[in-house]
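Engineer: requesting a structural model of the entry that follows:
(chains A, B and C)
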Amino acid sequence: MLEEALYTKIHRLNQKVWEGRVNRLNIQMWLDNFDGTVKPIDAERKHMLFLLSNFMYFGSLQIRELLKAVFRDLYKYPIVHAIRKDNRDTRNLALIDGLFSGELSKSRFLGVGNPSESGCHLLYHFRQMNALPKEIFIHAHEIFRPKRFTGRWVLANKAIRRYVFIDDFCGSGDQVVGYCKQIIQQAKKQDPRVKFFYYSLFGCKKGVENVARRKLFDDVQCLVELDETFGCFHGMSRYFHAAPTEIDKGIAERICRKYGSRMMPGNPLGYGDCQLLLSFHHNTPDNTLPVFWWDEVSPDWTPIFKRYPKLSYTSI
Amino acid sequence: MNTFDGNPFNLTKANDYSDKQILNYWVDVPGENGFAGMIKPTSPMPIILLGGKGSGKTHLMRYCSYEIQKLRWPAKPTLDSIKTDRYLGVYMRCEGLNADRFNEKGQQSEIWSAIFEYYMELYLAELLLSHVDDFFNTSDAWQKSQTKLCRAILALFDTPQTANINTLKQVIGLLVSLRKKIDIQVNNCAISRRLNIPITVTRSRLIFGIPRLLSELTPLQDLQFLYLIDELENFNEQQQKYIFTLVRERRGPSSFRIGSRLYGIRTYSTFSANEELKEGSEYEKLLLDERLRDEPKRYSEFAKRLLASRIKGVSLSPSSEDLVASAVKSLPQMFEERNDENFWEAETTPVVSKFGEGEFPYFKKLRQNLIHAARAGRLRDVHSEQQIDRIIQKLKVDKYSLLEKVNVLLLYQDWSQNKELLDAASTISNLCRQFAERRPKSGRYFETYDHFAQDLLAQFFRESNQPQRYCGIDSIIHMSMGLPRHLLIVLKHIYNWAIFNGEEPFKSRPISITSQQKGIFEAAEWFYRDAKNKGQDGSVLQESINRLAELFREVRFSDKPVECSLCSFSVDLSKVNTTTKKYIDLAKKYSLLIDISGGQRDRNSMRVDAKLQLNSLLAPLWDLPIYRRGALPLDPSLADAIFDPGQSENFKRLLNARIVAMNAPFEYKRKLSRTAQRELFTH
Amino acid sequence: MTDYTIFYKSQLSVVGNWSKENEWDLFISAYNSSKRVSDVFAKVRAGHKSWLLFPEYNYAETEYSGLNNYYAGAYTNEADYILGYVGTLNLNLSRIRICIDLTGFIRPYQLFLTKLLWERGVKRFDALYSEPNVYKEREKTKFSSGAGGKVRQVAGFEGAHSANTSNDMLIIGSGYDDELIARVSYYKDAARKIQIFGLPSLRADMYQENELRAQLAEESLGPSLSYFAPANDPFVTASVLSEITRALEKQKQITNLYLSPLASKAQVLGFSLFHYLEGKQRPTSIIYPFRPHYSRETTEGLSRIWKYTVEV
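Structural biologist: Numbers count the residues shown, from 1 in each chain, chains lettered A, B, ... in the order given. Have a look, this model is predicted:
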């Protein structure tokens, strides 16, 4: 029976990857949300169970690993590459490390959004995982300082050559552009040599391209890219590539759209119409289908992967 | 919090355990001196331990190793410590030699054989002396100068060893260095294509010579030096031949315990003119899981103690005995069981209620079968739907669906014998009423119920799209079929499912049937899937087992099954082809099929056929029974179609021919009977 | 101590021509039916381009006889095959610019080829690896098949092992093929297992799929530790191997170390690099579960092409 096969897959995912976040009870409570509005109850729940079995979840171990990878592969490597090229392909580790340390001391790392947001929260673990000194982490407002007597805002430390924004997820890219645009424009006006970087653990391809297109940052990258095939109901969706015959993409979409429209009328399939099946240990992005995470008073809904889990931030 | 990590059954393999854990979690089999009575470490007779994967073979051999002997002794052992044991166990795993590298690379096989034998000589000698040196260093057994002993060991070499060696440590150093030289040469040979290794000692001089010297020149007298060579399946045929030659040439205070998977022995021959080792006089064979299966009570007791010690997280000792004993006693209550009262009413009623006013599937099917047969004029006394209604009405039983199933079966039996069905239905109805009221222990109705109740219950669940019920501690133990590892794997999965289903296993309430079923099914899937990893022919084996199981399933779920609780078969092996024999043999070796000792006498000819059962752990994959009763005789062509991939295209046809007589309208049987009658009249 | 992460790696464009620094004297690729392999072969500019036909892909002669410069030796082991191929080249390998497309290689051949290059004095060569868009059946993709085959050390990567096996370790680069993981795990049943998973994975969902597949081999693995290395980075992979062994040896000396790279070809390169540079620090071998057949094509699309410059 398909349902039992799906439960078995979810059970295995739960053991290995999902940190034991779900069990049959809370799955059943979540499935109980689907009351046959679009299709008969059994059909609705079967389709949703199928989507759940394709859900992607990254636990704390995996998030920490990706934070290591951001530093190592996106930030550090290009600098090391340049150092080697500038020094005749040297493999002298002492020389490379020394020059790199110099570059690191002239870099500053920041989060995107206000300190309570999940992107900022990750900075603590980013620092920990990469054994970095506290001093190179700042808030956005610390890029500038008021100039004495004039009160004009100037770059606080002219020695800093790189400002690196670290984010957990880039959906449409609007948030990061909105947050950083003025900062970057102001800073570059004062010193065009200063570089800005935006590195995200996860990103929707179109969102990352959106950010890159604005030409605010000198480099925009994400570690784990989600192209349109990760859009659940996209024409090229990878989730229905080899789906069982009982599962119909169109039906699944109608179900999610109908229930989702009660939650986010303008974005029934997730913000920016991203239609994702994605959650992290510390949060679920609102670009994920709302039927998975909606946890507000109205409409009343039991989520399966909450958007704001009631876990302390130290639990990561 | 992820409580899967708290699963007390996470460690399922001997090799997952440290030496300390092997000792601490050791559970012996009750009676007859336990496992020691099977492996007999002090007996000079070599023993070959064969067992399926998970039979406990490695566990047992490691338990006899010096590393674990040492843990059993006091922190500072004395000579008495080892003398009480009366043996010193030298444990090695064949995979540690990475023996496949002694092959090809542009060299001839004879050269590789010689190098391998030399390497083994050094390897075993190194292991033995390491243990002896460790024992002398940690005990007060022998504080004297080791020079004489070392000189005597060096004298065993053909080539004089000129190094200044006075201690065992130095001898060990020499052995390590000789072995390393071989490693470097062998490893580089892939690229260099050159090999130049002088053999410095004749075969078995060190392996048997050192124990003799130890018993002559040190206090280690009256002691058996036991070479425990495990995982022999990792050696090729030539290398195994060498080991068995050592067994044959065994002398002095040395003996062997050789461990291998059932499928792992490629040859029993030796270098003595290719003669095979003689069982009984040169070695004994211990088929470990077979031995445990043959003593189900003993195995069950062992299994329960094993589980209890895991659940309680204690090692077995006098102080924990009460705790473990009480856990053993309460084991059955920790698992929800089926309720068999009143003809399994509690199992069937909840399912029945889902049908509401609709006709149950078995009556629907009976109705359809009767309608078709009646329209074709095949029934003696049934010609109308009203008559069919009357028949079905007579077969109905209030509350007891299982008895309805029995009634339907009896009707099918009567139909296949061409009886008048209206009368038959009345008779069945009366018998049923009497059975339900008086519960007799004899008679046709009782016999049918007694034989087929479980099969009919299985049919009932299948017809109502319900999962089969596999549950209860006794069933779980039985399904492990003498392989303790299978038992642990099943329990591991059950525990994980129980957690997933929101239960608290082994705490307050029993583990639900649902969790047990899911766990058992997952273990079954693992075992079936694991068949592919069984080296050669794994996929072919899988497909053969699939065909066999399909046959059993077709019989079990037919209208009129000819055997009850069917999960075994018999076949005359002298009539099947060699490929079939080969795959049956392989299936036995991989424990996919279990040889049921004794064979089965064919009712007609008195010849003894091989009788084999599908491993019970696989049963859930095809909704088959786990306890065997009847065995299906297979004719050779059907056996070939099942086991020989070259004949498998005949399988469907032969399967259909075999089961046609078990399904309405039972035409085949009647045709046969009419043909037989015609033949009677013409002769 | 080696810091592998300083080695050069870059992305080459999927469309358009490559710069002059991406031209070689000898280019070696393994033929299979993946479009990404043939596309890359067509793009590469080299003095001499070779196709290697491995017997495990079961190509009939009619299927490859139209290729230019192919080698289809009928040897039974990786050492003989690669030595046979290299014997046909009339080149001083240590003096020319070499590039290997790892994508279509069967792992033992790739391993032995790299070892041979190093033994023949090649100090620097380039390796390419192209990433797919998706594995055809996702977590149900079938890679290898067939009866027969055994687990053994890969030629050129055999160590001098200790008779003391009390703290043996097996580090597995766990890929999608759970059968391979199970077979190698059973072979070194007594060794403690460490799995390296590809994270970041080639595509976002591949990590989870990888874990699902590897879980099927759970019984053979026993309790195992998990580490991570990017699926497309051989240098970080080598670095992680170094990190693992150092971390484990802080607790207790490893008696014998076995490595089994069963994941992406990029990671396989990392394993071979680690073995070459650090394999002598302790008894270390690379072992592999050989199979008689491999699927010719299990992926769709081409998303990125990586170039790694291997320097020893």
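Engineer: find me the pLDDT at whatever residue of chain A ends up closest to chain B, would you?
Structural biologist: Residue nearest to chain B within chain A: A:Gly20 (3.3 Å; C-beta to the nearest C-beta). C-beta here means a position set from N, CA and C on the backbone, and glycine is covered the same way. For A:Gly20, the pLDDT comes out at 92.
Engineer: quick check: it touching A:His11?
Structural biologist: No: counting by C-beta atoms under 8 Å, A:Gly20 stays clear of A:His11, with 10.5 Å between them.
Engineer: how does the chain divide into domains?
Structural biologist: No chain specified, so I'll use chain A. The record's domain parsing of chain A by automatic domain parsing lists A:2-54+A:244-315, A:62-226.
Engineer: that answer is for a different chain, and I need it for chain C
Structural biologist: C:4-135+C:299-311, C:140-294.
Engineer: could those be laid out in CSV, adding distance to B:Leu122 and mean pLDDT?
Structural biologist: Below are the domains of chain C laid out as CSV (distance: least, C-beta to C-beta, whole Å; pLDDT from 0 to 100):
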stretch, distance to B:Leu122, mean pLDDT
domain C:4-135+C:299-311, 25, 92
domain C:140-294, 9, 91
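Engineer: tell me the most buried of the ones you listed?
Structural biologist: Across the domains of chain C, the average number of neighbours (mean count of other C-beta atoms under 10 Å in any protein chain shown) peaks for domain C:140-294, which reaches a mean of 22.
Engineer: report whether that domain contacts chain A.
Structural biologist: Yes: legend: contact between domain C:140-294 and chain A by C-beta under 8 Å from any C-beta of the partner chain is shown at C:140, C:199-201, C:204-205, C:207-208, C:211-212, C:215, C:226, C:228, C:230, C:233, C:236.
Engineer: what about that domain, distance to the chain center?
Structural biologist: For domain C:140-294, the separation from the chain centroid amounts to 11 Å (computed by C-alpha atoms, centre = their mean, to the nearest Å).
Engineer: got a pLDDT number for residue 190?
Structural biologist: In the absence of a named chain, this looks at chain A. Listed pLDDT for A:Gln190 reads 91.
Engineer: meant chain B actually
Structural biologist: Predicted confidence (pLDDT) at B:Ala190: the value is 88.
Engineer: count of neighbours near the residue of chain A closest to chain B?
Structural biologist: A:Gly20: 15 surrounding residues under other C-beta atoms under 10 Å in any protein chain shown.
Engineer: just confirm it is within a strand.
Structural biologist: No: assigned with DSSP: H, G, I helix; E, B strand; the rest coil, A:Gly20 falls outside any strand and is coil.
Engineer: is stretch B:127-136 anywhere near chain C?
Structural biologist: Yes: Stretch B:127-136 is in contact with chain C by C-beta under 8 Å from any C-beta, via B:Leu127, B:Ser130.
Engineer: average model confidence for that stretch?
Structural biologist: Confidence over stretch B:127-136 (mean pLDDT, whole number) is 96.
Engineer: contacts for it, please.
Structural biologist: Stretch B:127-136 is contacted from outside by B:66, B:70, B:77, B:82, B:88, B:90-92, B:141-143, B:146, B:153, B:168-169, B:171-172, B:175, B:210-211, B:214, B:218, B:220, B:225, B:227, C:163-164, using C-beta atoms under 8 Å, 6 or more residues apart in numbering or on different chains.
Engineer: residue closest to the middle of chain C?
Structural biologist: Central residue of chain C (C-alpha atoms, centre = their mean): C:Val268, 2.9 Å from the mean position.
Engineer: give me the phi and psi angles of A:Ile96.
Structural biologist: When read as degrees, to the nearest 10, the backbone of A:Ile96 gives phi -60, psi -50.
Engineer: just the CA coordinates for stretch C:180-195, please, in CSV.
Structural biologist: What follows is stretch C:180-195, C-alpha atoms only, in CSV (Å, rounded to 0.1, in the frame of the first residue of the first chain):
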residue,chain,number,x,y,z
LEU,C,180,28.7,-1.5,-2.6
ILE,C,181,28.7,0.1,0.9
ALA,C,182,27.3,-3.2,2.4
ARG,C,183,29.8,-5.4,0.6
VAL,C,184,32.8,-3.4,1.7
SER,C,185,31.4,-3.1,5.2
TYR,C,186,30.9,-6.8,5.5
TYR,C,187,34.4,-7.4,4.1
LYS,C,188,35.9,-5.3,6.9
ASP,C,189,33.3,-6.4,9.4
ALA,C,190,35.5,-5.9,12.4
ALA,C,191,36.7,-2.4,11.5
ARG,C,192,34.9,0.6,12.9
LYS,C,193,33.1,2.5,10.1
ILE,C,194,33.2,6.1,9.3
GLN,C,195,31.1,7.5,6.5
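Engineer: ok, it near chain B or not?
Structural biologist: Yes: Stretch C:180-195 is in contact with chain B by C-beta under 8 Å from any C-beta, via C:Ala182, C:Arg183, C:Tyr186, C:Tyr187, C:Lys188, C:Asp189, C:Ala190, C:Ala191.
Engineer: one step back: let's have the domains of chain A in a markdown table, adding distance to C:Gly16.
Structural biologist: Shown next, in a markdown table, are the domains of chain A (distance: least, C-beta to C-beta, whole Å):
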| stretch | distance to C:Gly16 |
| --- | --- |
| domain A:2-54+A:244-315 | 30 |
| domain A:62-226 | 19 |
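Engineer: out of these, which gets nearest to B:Glu276?
Structural biologist: Minimum separation from B:Glu276 across the domains of chain A (C-beta to C-beta) falls at domain A:2-54+A:244-315, 46.8 Å.
Engineer: so which bits of stretch A:57-69 are buried?
Structural biologist: For stretch A:57-69, the neighbour count (16 or more other C-beta atoms under 10 Å in any protein chain shown) marks A:Tyr57, A:Phe58, A:Gly59, A:Gln62, A:Ile63, A:Arg64, A:Glu65, A:Leu66, A:Leu67, A:Lys68, A:Ala69 as buried.
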